[in-house]
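[1] need a 3D model of the following:
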Amino acid sequence: MKKKLVLSMVAGAALLTLAACSSNNATSSSSSTKASSSASLSGKIVAGGSTALQPLVTTVSQEFMTKNPNVSIDVQPGGSGAGLTGVANGTFQIGNSDIFAEEKTGIDASKIKDNQVATVGVAPIVNQDVADKVKSLTQQQLIDIFSGKTTNWSAVGGPSEAITLIGRTTGSGTRVLFDNFGLNKGTELASEVTQDATGAAAKAVSTTPGAISYIAFSGLEGVTNIKAMPITFEGGSKAVDPTNDNVIDNSWKIWGYEHMYTSTTPDEATTALIKAVKNDTKDLKAQGYIEITAMKGSRTVDGTWTAK
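    Residues are numbered from 1 along each chain as shown. Next comes the predicted model:
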């Protein structure tokens, strides 16, 4: 009887030992899996180019670095042309652009990857002293103003005041969009003062009586003493307001995709940042951009619109 009791105690001890080992192994495996899944991203990302897209990328990048402290992100302005050139030659991990790579001379679009994260409208803006009298413009009037044919606001129902043209520098994606869809591609522009950034163009118009320029909708927030001008587009019967709703169905023609170009094999941190920008619908909408999924159609590089 005593032998049986001893044997039972030994067997019980062995079972407890096996159970403990199994539990420890499970805990170790769980800890290993947790450590692996929580491993942080790392690396340095330079995202340069479009000043129209810069506010959104900057906001999301700051949040991204807080969550991923081993990732360093430098968001640089410079225009879409600089962004495309930088990513093509490897200077940037991300090239922010308002235009397709195919529209930039000297860029081989097949060697970089297009990541479309949003759409954005572009609007002509005027100083408030003009807006007090000029409620809208036809597309032809817009062309005549930027080509230098019309030089005084009185010719379009405004004050007797000289028109000051404030354009964008060569390489600006916003300039390409405005030329292609606002002025009809090929319009020869008159001599103008140029600004290399969205914010600078908005400020120049707000502080210059009689001024006109054009900026992305995302640059309208917080700027006073300017007005985004409604346009009656060629073939249309009434003026269209520059609003996101009108961009969504292509009633407002002057808009483009916001691209974050990368190499064809971007690293994990770069891929994660682009995903974060595209999915941050709260900041995207708050800053005046439009979700691509909200669009009621799509547009190709040659400007062809296809409704869904």
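
[2] which helices and strands does the one helix or strand Ala269 maps to pack with?
    Ala269 belongs to helix 268-279 when assigned by DSSP states H and E. Applying 3 or more CB pairs under 8 Å, 6 or more residues apart in numbering; DSSP states H and E, we find helix 268-279 packed against strand 43-49, helix 54-67, strand 71-76, strand 94-97, strand 116-127, strand 255-263. Backbone N, C-alpha and C define where each C-beta goes, glycine included.

[3] got a list of contacts for the third one?
    Judged by CB atoms under 8 Å, 6 or more residues apart in numbering, the contacts made with strand 71-76 from elsewhere in the structure are 40-49, 54, 57-58, 61, 64-65, 92, 269, 273.

[4] now that strand: average pLDDT?
    What strand 71-76 shows for mean pLDDT is 97.

[5] so of the helices and strands packed on helix 268-279, which one's packed in deepest?
    Highest mean neighbour count among these (mean count of other CB atoms under 10 Å): strand 94-97, with a mean of 31.

[6] which SSE is immediately downstream of it?
    Next along from strand 94-97, by DSSP H and E: strand 112-113.

[7] so what strands line up beside that following strand?
    Applying DSSP bridges, strand 112-113 is found paired with strand 255-263 (antiparallel).

[8] for the partner strand, what does the pLDDT average out to?
    Rounded mean pLDDT across strand 255-263 is 97.

[9] same question for stretch 160-180.
    On average, stretch 160-180 scores 94.

[10] in the stretch 151-300 of the chain, which spans are strands?
    For the stretch 151-300 of the chain, strands defined by DSSP state E, counting those that start in this stretch occupy the ranges 164-168, 193-195, 211-216, 226-228, 231-232, 255-263, 297-299.

[11] let's see the longest one as PDB, backbone CA atoms only.
    As requested, the backbone C-alpha atoms of strand 255-263 are provided in PDB (Å, rounded to 0.1, in the frame of the first residue of the first chain):
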ATOM      1  CA  TRP A 255      -7.800  69.100 -60.100                       C
ATOM      2  CA  GLY A 256      -5.300  66.400 -59.900                       C
ATOM      3  CA  TYR A 257      -4.100  63.300 -58.000                       C
ATOM      4  CA  GLU A 258      -1.700  63.600 -55.200                       C
ATOM      5  CA  HIS A 259       1.100  61.100 -55.800                       C
ATOM      6  CA  MET A 260       3.800  59.800 -53.400                       C
ATOM      7  CA  TYR A 261       6.200  58.200 -55.800                       C
ATOM      8  CA  THR A 262       8.800  55.700 -54.600                       C
ATOM      9  CA  SER A 263      11.400  53.300 -56.000                       C
END
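
[12] show me how far it is from its chain's centre.
    7 Å (CA atoms, centre = their mean, to the nearest Å).

[13] between strand 116-127 and it, find me the angle.
    Per axes from the mean of the first three to the mean of the last three CA atoms, to 10 degrees, the angle that strand 255-263 makes with strand 116-127 is 130 degrees.

[14] ok, and the closest non-adjacent residue to Tyr261?
    Sequence neighbours aside, Gly95 is the residue nearest to Tyr261 in space, at 4.1 Å (criterion: CB to CB, 6 or more residues apart in numbering).

[15] surely the one you found is in contact with Gly79?
    No. Contact criterion CB atoms under 8 Å: Gly95 and Gly79 do not qualify, at 10.7 Å.
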